[in-house]
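In: take this sequence and fold it.
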Amino acid sequence: MERILTVLENTPLAPGVFRLLLDGAEADDVRAPGQFFNLSVDGFYLRRPISVCDAAGSRVTLIYKVVGAGTRALSDYRPGRTLRVLTALGNGYDLTVTGSPPLLLGGGAGVPPMYLLAKALLARGVRPTVVLGFNTASEVFYKAEFESLGVPTVVATADGSAGVPGFVTDAAREALAGVDTLLLEANHDVETLQYGPYPYFLKRRILGDEGHLSNDAAAEFARLAVQSGTRDILLAHLSKENNTPELAEYAVARALQSAGLSVRLGVAPRDTMSEVHLCRRSPSFASAN
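Out: Numbers count the residues shown, from 1 in each chain. This is a model prediction of the structure:
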């Protein structure tokens, strides 16, 4: 549905990153954490999709990064100006399938939707641990906001200037040490993606530091996880265009076999339920919290 929302605030949080506070939303404009809005920016034909960071009453918070002319123009919007917005887009997160305790991972532009998700989980009596990833200390945002919710919050930076050195996956390895069952993204085969049908800008994003885990990256994560005690791995979020279950499973199995490791390994089917996977031991962060 389309709404006309009023800008209350449009302020920088970090270099090139802005918090946009809008007023005039209805209750059904945000039905679940993980949904997004499509914003119509004056002078641009295509709308800008931005995930919802927070929603309370008639006010909605969006966080976006200036990456082109459209978002640059959006950053010039001042309080009182209005925006035409398509709301309640996307399915959002299904909180009924949440494990306990959950681990929320977000890097860069993936951080904002984790905030509303954390609030929704807390409202259900579930306390998550949050890992936030950035390139450098100057780009860190919303750490204090997550901490104000009372949830354990870990920051990782690629250059090691703040928090855990490395990516969110490096911090996640520490948090997940000893977990019995691991649901692990194996999104794409690098060669298939490079020669596939996706446009260049999308390939670049997927292959970038804030993109998805490749089969090879998943294989390395799996190796370290199994060495710390994991005994059951289910690969998920496979790209339909840039991966196959066979390629993903082969890449991970080969890495484990080369390291002399044995584990129950499977791939989550796209259109049906997987077989049952039981988690008998809690990860280290669960015992700490």
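In: helices of the protein, start to end?
Out: Taking DSSP state H to define them, one finds helices in the chain at 69-74, 112-123, 143-148, 168-175, 190-194, 200-207, 215-227, 245-258, 284-288.
In: how about the ones you listed, which one is nearest residue 129?
Out: helix 284-288 (4.8 Å; C-beta to C-beta). C-beta here means a position set from N, CA and C on the backbone, and glycine is covered the same way.
In: top strand in the protein by residue count?
Out: If you go by DSSP state E, the chain has its longest strand at strand 2-14.
In: and it, which strands flank it?
Out: strand 17-23 (antiparallel), strand 82-89 (antiparallel) (DSSP bridges).
In: adding mean pLDDT, write these out as JSON lines.
Out: Formatted as JSON lines, the strands paired with strand 2-14 follow (pLDDT from 0 to 100):
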{"stretch": "strand 17-23", "mean pLDDT": "98"}
{"stretch": "strand 82-89", "mean pLDDT": "96"}
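In: how long is stretch 77-85 end to end?
Out: In terms of C-alpha to C-alpha, to the nearest Å, the two terminal residues of stretch 77-85 are separated by 14 Å.
In: would you mind listing the outside residues contacting that stretch?
Out: If you take C-beta atoms under 8 Å, 6 or more residues apart in numbering as the criterion, stretch 77-85 is touched by 2-10, 20, 22, 37-41.
In: redo that, cut-off 7 Å
Out: 2-10, 22, 37-40 (C-beta atoms under 7 Å, 6 or more residues apart in numbering).
In: again, but for stretch 43-53
Out: Stretch 43-53 has contacts (C-beta under 7 Å, 6+ apart) with 30, 35-41, 60-64, 70-71, 73-74, 86, 112-113, 115-116.
In: which ones are touching residue 239?
Out: Contacts of residue 239 (C-beta under 7 Å, 6+ apart): 187-188.
In: what does residue 4 give?
Out: Contacts for residue 4 (C-beta under 7 Å, 6+ apart) come out as 24, 82, 84.
In: what about the second one, neighbour count?
Out: Spelled out, it's residue 82. Using other C-beta atoms under 10 Å, the number of residues around residue 82 comes to 15.
In: coming back round to it: angle of the longest strand of the chain against helix 112-123?
Out: Counting by axes from the mean of the first three to the mean of the last three C-alpha atoms, to 10 degrees, strand 2-14 points 100 degrees away from the direction of helix 112-123.
In: buried residues, strand 2-14. List them.
Out: 3, 5-7, 10, 13-14 (16 or more other C-beta atoms under 10 Å).
In: with respect to residue 159, which of the helices of the chain lies nearest?
Out: helix 168-175 (12.4 Å).
In: packing partners for that closest one?
Out: Helix 168-175 sits against strand 103-107, strand 129-134, strand 153-157, strand 164-165, helix 215-227, with contacts defined as 3 or more C-beta pairs under 7 Å, 6 or more residues apart in numbering; DSSP states H and E.
In: what angle do the second one and helix 168-175 make?
Out: Right, strand 129-134. Going by the same axes, to 10 degrees, strand 129-134 makes 150 degrees with helix 168-175.
In: what helices and strands are in contact with strand 129-134?
Out: Going by 3+ C-beta pairs under 7 Å, 6+ apart, strand 129-134 lies up against strand 103-107, strand 153-157, helix 168-175.
In: could you check how far residue 82 is from residue 76?
Out: Counting by C-beta to C-beta, to the nearest Å, the separation of residue 82 from residue 76 is 14 Å.
In: what about the stretch 51-200 of the chain, any weak spots by pLDDT?
Out: Applying pLDDT under 70 to the stretch 51-200 of the chain flags the ranges 99-100.
In: what's the burial count for the spatially closest residue to residue 247 that is not a sequence neighbour?
Out: Nearest in space to residue 247, with sequence neighbours left out and distances taken as C-beta to C-beta, 6 or more residues apart in numbering, is residue 189 at 4.7 Å. When neighbours are counted by other C-beta under 10 Å, residue 189 registers 23.
In: how about the contacts made by residue 189?
Out: Contacts of residue 189 by C-beta under 7 Å, 6+ apart are 215, 242-243, 247.
In: most neighbours among those residues, which one is it?
Out: Highest neighbour count within the contacts of residue 189, by other C-beta under 10 Å: residue 215, with 27 neighbours.
In: correct me, but that residue touches residue 185?
Out: No - counting by C-beta atoms under 7 Å, residue 215 sits too far from residue 185 to count as a contact (10.0 Å).
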